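Peer 1: model the structure of this input:
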Amino acid sequence: MGAIKNGAIGSAVVFSVISVLSAGSAFAETPISTASDSPVAIGTAPPAEPEESDLIEVSDPESEPTFKPEKPPIDTPDGVYCSPKNVYKPKTKGTTYHVGVGPTNANYNGTSRVARSTFTSEVTGEVGVSVTAGLSGSVGAMVAEIEAKYDVELSLKMTAKLGNSIAVDTPPKRTTNGRYGVYRLKNTGVSYRLYSNCKTSESKTITSYTPIKVGWTLWES
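Peer 2: Prediction:
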């Protein structure tokens with residue numbers, strides 16, 4: 001049997017490749033994974049990247065501008081009054097996007113048989129929320145609204161830790177690519193400020209990416 005050719009191997013990931021006896025054989029080897037990980041499908045292309053060019057990585061999710069409550073004008077004592085506040089309303093739940101922690105790695109199977117490739121993460125990194133410009137309230141409040149509307153559990157920050165492994169089949173003459181990191185849920189909503197006279201500021205469309213789970217993204221080439 002010919003030797004398996006190794007592709008680019010970054011310092012952050014250790015590979016072990018075990019040739020199987022036949023293409024149709026079952027595998028007893030079980031991938032090691034953390035509780036936060038879930039199985040991922042092997043794609044045929046690298047994962048999509050966000051299209052927005054004005055995304056801001058949020059350093060303090062709970063920060064929020066301070067607005068002093070206003071009283072109705074004294075010349076209209078019977079005028080309507082609203083308590084000033086920032087408002088965010090989720091509108092569209094998107095798909096998930098993967099943010100890598102450490103480099104993307106690849107392994108090429110140069111044999112005529114299926115091979116088993118194991119990837120083990122040796123990098124720890126933290127991923128937070130990204131949001132487009134114009135959010136009038138805090139990121140924490142925005143995330144709470146998204147969770148409530150779609151009944152999902154999100155986090156302001158998630159950590160992809162070292163020591164996580166996954167084992168996959170690499171077909172003959174194919175390359176398996178693997179990247180460990182954090183999946184973030186895309187959401188589009190509107191943000192505005194409610195004033196004391198019950199009028200609102202101009203609504204701004206806000207796109208956000210919020211951590212939802214830790215795991216691998218895999219694809220063949």
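Peer 1: tell me where the model's unsure across this protein.
Peer 2: Judged by pLDDT under 70, the chain has its weakly predicted residues at 1-40, 64-79.
Peer 1: 50 instead, please
Peer 2: Under the criterion pLDDT under 50, the flagged ranges of the chain are 1-39, 66-69, 72-75.
Peer 1: quick one: name whatever helix or strand follows the longest strand anywhere in the chain.
Peer 2: In the chain, taking DSSP state E as the definition, the longest strand is strand 174-194. Sequence-wise, the next helix or strand beyond strand 174-194 is strand 204-220, with elements assigned using DSSP states H and E.
Peer 1: strands paired with that following strand, and their directions?
Peer 2: Looking at strand 204-220 with DSSP bridges, its paired strands and their directions are strand 42-43 (parallel), strand 130-132 (antiparallel), strand 174-194 (antiparallel).
Peer 1: circling back: can you give me the buried ones in the longest strand of the chain?
Peer 2: Along strand 174-194, these residues count as buried under the neighbour rule (16 or more other Cβ atoms under 10 Å): 175-187, 189, 191-194. Backbone N, C-alpha and C define where each C-beta goes, glycine included.
Peer 1: and of the strands paired with strand 204-220, who's closest to Ala144?
Peer 2: Across these, Ala144 has its closest neighbour in strand 174-194 (12.1 Å, Cβ to Cβ).
Peer 1: touching, Ala133 and Ile56? I think so.
Peer 2: Yes - at 6.4 Å, Ala133 counts as touching Ile56 under the criterion of Cβ atoms under 8 Å.
Peer 1: those two: who's more crowded?
Peer 2: Each of Ala133 and Ile56 had its neighbours counted (other Cβ atoms under 10 Å), and the higher figure belongs to Ile56 (15 against 10).
Peer 1: any idea how far the more buried one lies from Gly102?
Peer 2: 23 Å (Cβ to Cβ, to the nearest Å).
Peer 1: who touches Glu147 in this structure?
Peer 2: Glu147 makes contacts with 153-154, as judged by Cβ atoms under 8 Å, 6 or more residues apart in numbering.
Peer 1: Thr132 now?
Peer 2: Contacts were defined as Cβ under 8 Å, 6+ apart; by that measure Thr132 touches 52, 54-56, 205-208.
Peer 1: just the element for Glu145, please.
Peer 2: Take DSSP H and E as the rule and Glu145 turns out to sit in helix 139-150.
Peer 1: which of the residues in that helix are buried?
Peer 2: Of the residues in helix 139-150, those buried by neighbour count under the rule 16+ other Cβ under 10 Å are 139, 141-143, 145-147.
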